[in-house]
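*Asks:* sharing a model that was predicted from the sequence below.
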Amino acid sequence: MLRRLLCLALAVAALAALPVPSLAQLAALTHGGGGQPFSKQQPVTFTADQVQYDRDNGLVTATGHVQAWQNDHVLMADKVTFDRNTNVAAASGHVVLVEPDGQVLFATYAELTQGMRDAVLRGMRAILAENGKLAANGARRIGAKINEMSRAVYSTCDVCRKHPEQPPLWQLRARTAVDDAEHKRIEYEDALLDIYGVPVFYMPYFWNAEPSVKRASGFLMPSIGSSKHIGPFFALPYYWVLDPSSDVTITPTLGTKAGQVDALYRRRFNDGRLTIDTALGYDNGAQAYIDAKGQFDYNENWRYGFDIERATSSDYLRDFRIPFAADVLNDEIYAEGFGVGAYSRVDLHAYQSVDNSVTQSNLPYALPRYEYSFFGEPDALGGRSSFDVQAFNVLRGTGTDTLRPGMRYQWDRPFVGDLGETYKLTVRLDAAAYSARDMDEQPNFAPEDTVSTAKAQPTVALEAHWPLIRDGGGQQLIEPIVQLIAAPNGNSYFDPKVPNEDSFDLQFNDATLFSLNRYPGLDRQEGGLRANVGLHGAWYIGGTTFDALIGQSYKEHVSDNLPPESGFQDHVSDIVARASFIPTDWLDLTSRFRFDHKNWNVDYAEGLASVGRPIFRVTGGYLYNNVDFYQIDTQPTIPASYFTPLNEIQLGASTHFGHWTFSASGSRNLQNHSMIGAGMNATFENECLIFNASFYRRYTSFNGDNGDTTLLFQITLKTVGQFGFNAL
């Protein structure tokens with residue numbers, strides 16, 4: 001017996017001499033340092049400053065920096081008394097329990113049994129993931145899976161260090177609570193939500209997932225509001241985890257004038273993803289919509305997918321704030337491939353009108369559309385080739401049906417001269433074949449009914465830049481640019497013999513000054529002998545940048561079949577210019593102009609300005625165009641609305657300081673002296689809460705509603721949920 005007591009004394013002395021591990025080392029301790037948990041039958045291992053053994057009463061008392069671990073659990077305390085008769089360990093003074101999942105429990109006193117799996121704690125506090133904090137007057141742990149608590153408090157807010165007695169920004173208080181570690185949820189009974197210690201909301205029962213859980217089934221925060229379209233309403237979402245890769249959110253919305261049930265289904269696959277958002281409702285009659293998206297990988301080079309949008313009316317989409325609300329919806333099925341320098345895509349398109357102002361039979365179907373692009377490596381001559389193919393079959397119930405295969409081949413060869421000038425030689429061939437019927441209907445309105453034709457447009461161009469750079473007072477750049485283009489005369493905008501499906505958006509500005517074809521597609525070609533000239537200048541002084549371009553176009557052939565005020569319908573084009581001024585990181589000015597070459601009238605003007613720093617920044621934008629090109633393709637002749645200028649201005653301001661962000665913006669139509677829209681937004685965010693208030697007023701009419709107003713208050717308690725008030 002004496003030998004045994006001597007061995008025990010030597011073992012205790014050796015343990016006491018061991019270094020005390022830190023909190024950062026606890027993870028390694030709970031796994032025995034070898035990556036595997038200790039056995040459930042393994043005895044308690046501990047270190048302490050002092051150990052006393054009461055043989056008569058079967059008590060072992062460890063004091064001073066006590067650390068003990070068993071069965072993946074770690075206990076630290078000022079004092080631990082282990083009763084060998086009852087197998088109860090009593091810990092007091094700065095008690096800390098570290099769970100295998102990393103959860104940390106604090107207490108003023110604890111009694112532990114069953115290998116630290118069962119415990120009774122006094123003054124319990126817990127640190128959870130995502131800054132979560134849980135406290136209770138008393139707690140009982142059962143099987144290391146259930147923590148039953150009395151007078152529990154939960155919050156993710158930090159406590160003020162200078163005044164720890166003050167309540168946090170928000171907290172959940174409950175008469176009783178259960179932290180279910182097995183199912184990763186915290187349940188509360190007789191719960192109150194406090195804001196700065198003031199009770200604001202009572203819940204007889206409430207639960208939230210533990211902060212470490214990313215997905216857990218249950219009710220989400222409700223939304224309560226009022227809308228002029230659906231009346232006072234209440235919405236209560238339910239989130240349902242179906243399996244590790246899929247879930248569905250079901251949201252019934254009940255209003256005094258209208259209501260709906262929405263279901264959002266999401267699923268992840270090994271090779272893609274699927275999202276289906278659909279709803280059934282009542283809004284001046286039975287209503288429904290579906291928004292389905294999917295994308296899947298076939299192999300490392302090919303993928304396929306779809307995007308389906310369908311609805312019964314635009315009013316329904318507007319009233320319930322459906323994200324894809326529009327007067328025309330798009331359905332698409334596609335497959336696309338990616339290679340080295342190559343891209344290929346085939347897709348099908350169908351459009352649905354949900355607005356009475358858009359006739360369904362006028363909308364096209366693309367069955368199918370195909371495109372292919374290839375960009376090659378430098379060849380033996382030092383040039384690079386690119387090749388593009390476009391083919392589509394457009395069908396309309398009322399309007400032109402067009403079948404068109406087309407292609408573009410381009411070869412570019414750059415050169416550098418002895419004086420630092422740079423050149424680029426371009427050879428291009430555009431070709432397309434057409435088979436069209438109902439050409440006398442929209443969008444072509446041609447005199448003939450049926451057209452079968454083909455065209456090819458070869459183009460040769462030489463572009464020269466001569467950058468002249470001077471140092472002194474910063475770095476100054478003067479760069480003359482000249483581009484010479486030779487091609488047969490192209491077809492005009494209103495060509496009655498060739499269908500037009502891709503060249504309606506005609507714009508002449510600094511971005512298209514040196515374009516080989518200023519029409520955006522293949523159906524229309526500018527052609528002819530042309531010269532484009534420009535002068536590019538820049539000045540760089542430290543962090544200040546000034547950059548400007550001015551230019552003009554000249555051509556031998558003039559087409560009298562171009563839209564009025566297009567800017568290049570004469571031998572000499574309008575003058576285009578661009579200027580940007582960035583003197584510092586708090587000021588950014590950019591402007592674009594097009595001047596009439598005959599009288600210098602401003603035909604197009606665009607300006608953007610941004611002034612300030614994040615603490616306060618002002619932005620502004622201005623747009624003027626003397627005509628509206630989007631009015632052409634819907635009328636057989638140029639309507640009077642085409643000559644109505646676009647004249648709009650937009651102003652905004654934002655500020656960010658501390659936890660607050662404020663912004664406000666507004667836009668106005670200067671042509672008819674009316675507002676387009678205005679809005680304000682305020683956001684507060686800290687470690688535990690996000691508060692957002694936003695207001696927006698739309699003054700323009702959408703489907704005859706004469707404008708709309710949105711007011712939204714939204715509060716997010718981090719790790720708990722989100723709730724808000726909407727006035728629409």
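*Replies:* Sure, I can see it. Residues are numbered from 1 along each chain as shown.

*Asks:* these two touch, right, residue 512 and residue 520?
*Replies:* No: at 9.0 Å, residue 512 and residue 520 do not qualify as touching, with contact defined as CB atoms under 8 Å. C-beta: built from backbone N, CA, C; applies to glycine.

*Asks:* bridged to the residue nearest to residue 173 when sequence neighbours are not counted, which residues?
*Replies:* If you skip the residues right next to it in sequence, residue 173 has residue 192 as its closest partner in space, 4.8 Å away by CB to CB, 6 or more residues apart in numbering. Bridge pairing for residue 192 (DSSP bridges) gives the partners residue 173, residue 202.

*Asks:* how about residue 255?
*Replies:* residue 233.

*Asks:* report the contact partners of it.
*Replies:* Contact partners of residue 255, counting by CB atoms under 8 Å, 6 or more residues apart in numbering, are 227, 230-234.

*Asks:* surely residue 540 touches residue 475?
*Replies:* Yes: under the contact definition of CB under 8 Å, residue 540 touches residue 475, with a separation of 4.5 Å.

*Asks:* please enumerate the helices of the chain.
*Replies:* Per DSSP state H, the chain has helices spanning 2-17, 26-30, 314-319. These are given in chain order.

*Asks:* state the mean pLDDT of the first one.
*Replies:* Across helix 2-17, the average pLDDT comes to 34.

*Asks:* got it, and stretch 563-579?
*Replies:* The predicted model assigns stretch 563-579 a mean pLDDT of 93.

*Asks:* end-to-end on it?
*Replies:* Its start and end residues considered, stretch 563-579 measures 27 Å (CA to CA, to the nearest Å).

*Asks:* before we move on, what about stretch 158-175?
*Replies:* One end of stretch 158-175 sits 22 Å from the other (CA to CA).

*Asks:* show me the strands in the stretch 351-500 of the chain, by range?
*Replies:* Assignment of strands within the stretch 351-500 of the chain using DSSP state E, counting those that start in this stretch yields the ranges 364-375, 384-396, 401-416, 422-437, 450-465, 468-471, 475-486.

*Asks:* should've said the stretch 151-300 of the chain
*Replies:* Taking DSSP E, counting those that start in this stretch as the criterion, the stretch 151-300 of the chain contains strands spanning 170-180, 185-195, 198-209, 218-219, 223-227, 231-235, 238-243, 246-255, 259-269, 272-282, 286-297.

*Asks:* determine which stretch of those strands is the most buried.
*Replies:* Using mean count of other CB atoms under 10 Å, the stretch among those with the largest mean neighbour count is strand 170-180, at a mean of 20.

*Asks:* can you count the residues close to residue 337?
*Replies:* Neighbouring residues of residue 337 were enumerated by other CB atoms under 10 Å; the total is 16.

*Asks:* list of residues touching stretch 555-570?
*Replies:* With CB under 8 Å, 6+ apart as the test, stretch 555-570 has contacts from 489, 492-495, 506, 508-509, 518, 527-531, 553, 571, 573-574, 576, 594, 597, 603-604, 626-627, 629, 632, 638, 642-643.

*Asks:* list buried residues within the residues you listed.
*Replies:* Of the members of those, the ones counted as buried by neighbours, 16 or more other CB atoms under 10 Å, are 489, 492-495, 506, 508-509, 518, 527-528, 530, 553, 573-574, 576, 594, 597, 603-604, 626-627, 629, 632, 642.

*Asks:* mean pLDDT lowest for which of the strands of the stretch 351-500 of the chain?
*Replies:* strand 468-471 (a mean of 92).

*Asks:* give the partner strands of that one in its sheet and their orientations.
*Replies:* Strand 468-471 has the following sheet partners, assigned by DSSP bridges: strand 475-486 (antiparallel).

*Asks:* export the partner strand to PDB, keeping only CA atoms.
*Replies:* Listed next in PDB are the C-alpha coordinates belonging to strand 475-486 (Å, rounded to 0.1, in the frame of the first residue of the first chain):
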ATOM      1  CA  GLN A 475       3.100  64.200 -68.600                       C
ATOM      2  CA  GLN A 476       1.300  65.500 -71.600                       C
ATOM      3  CA  LEU A 477      -0.100  63.400 -74.500                       C
ATOM      4  CA  ILE A 478      -1.200  64.600 -78.000                       C
ATOM      5  CA  GLU A 479      -2.300  61.700 -80.200                       C
ATOM      6  CA  PRO A 480      -3.700  62.300 -83.700                       C
ATOM      7  CA  ILE A 481      -5.800  59.400 -85.000                       C
ATOM      8  CA  VAL A 482      -6.700  58.700 -88.600                       C
ATOM      9  CA  GLN A 483      -8.700  55.800 -90.000                       C
ATOM     10  CA  LEU A 484      -9.200  55.100 -93.700                       C
ATOM     11  CA  ILE A 485     -11.900  52.700 -94.700                       C
ATOM     12  CA  ALA A 486     -12.700  51.300 -98.200                       C
END
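
*Asks:* can you pull the buried residues of that strand?
*Replies:* Neighbour-count burial for strand 475-486, counted by 16+ other CB under 10 Å, picks out 476, 479, 481-483, 485.

*Asks:* please compute how far it lies from its chain's middle.
*Replies:* Using CA atoms, centre = their mean, to the nearest Å, we find the averaged C-alpha position of strand 475-486 to lie 39 Å away from the chain's own average C-alpha position.

*Asks:* ok, stretch 402-414 next?
*Replies:* A distance of 35 Å separates the C-alpha centroid of stretch 402-414 from that of its chain, computed with CA atoms, centre = their mean.

*Asks:* list the contacts of that stretch.
*Replies:* Residues outside stretch 402-414 that contact it (CB under 8 Å, 6+ apart): 381-394, 422-436, 499, 501, 522-523.

*Asks:* of the residues you listed, buried ones?
*Replies:* Neighbour counting by 16+ other CB under 10 Å classes 383-384, 388, 390-394, 426, 428, 430, 432, 434-436, 499, 501, 522-523 among the contacts of stretch 402-414 as buried.

*Asks:* now the strands: where do they sit in the stretch 1-150 of the chain?
*Replies:* 45-47, 50-54, 59-70, 73-83, 88-98, 104-113, 118-127, 133-142, 146-155.

*Asks:* closest to residue 207 out of these?
*Replies:* The stretch from the strands of the stretch 1-150 of the chain with the least distance to residue 207 (CB to CB) is strand 146-155; that distance is 10.8 Å.

*Asks:* what are the phi and psi values for residue 167?
*Replies:* Dihedral pair for residue 167: phi -70, psi 150, per degrees, to the nearest 10.

*Asks:* can I get the strands of the stretch 1-150 of the chain in CSV with mean pLDDT and distance to residue 216?
*Replies:* Supplementary listing: the strands of the stretch 1-150 of the chain in CSV, determined by pLDDT from 0 to 100; distance: least, CB to CB, whole Å:
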stretch, mean pLDDT, distance to residue 216
strand 45-47, 83, 35
strand 50-54, 90, 44
strand 59-70, 88, 30
strand 73-83, 89, 25
strand 88-98, 90, 24
strand 104-113, 90, 21
strand 118-127, 89, 18
strand 133-142, 90, 16
strand 146-155, 91, 15
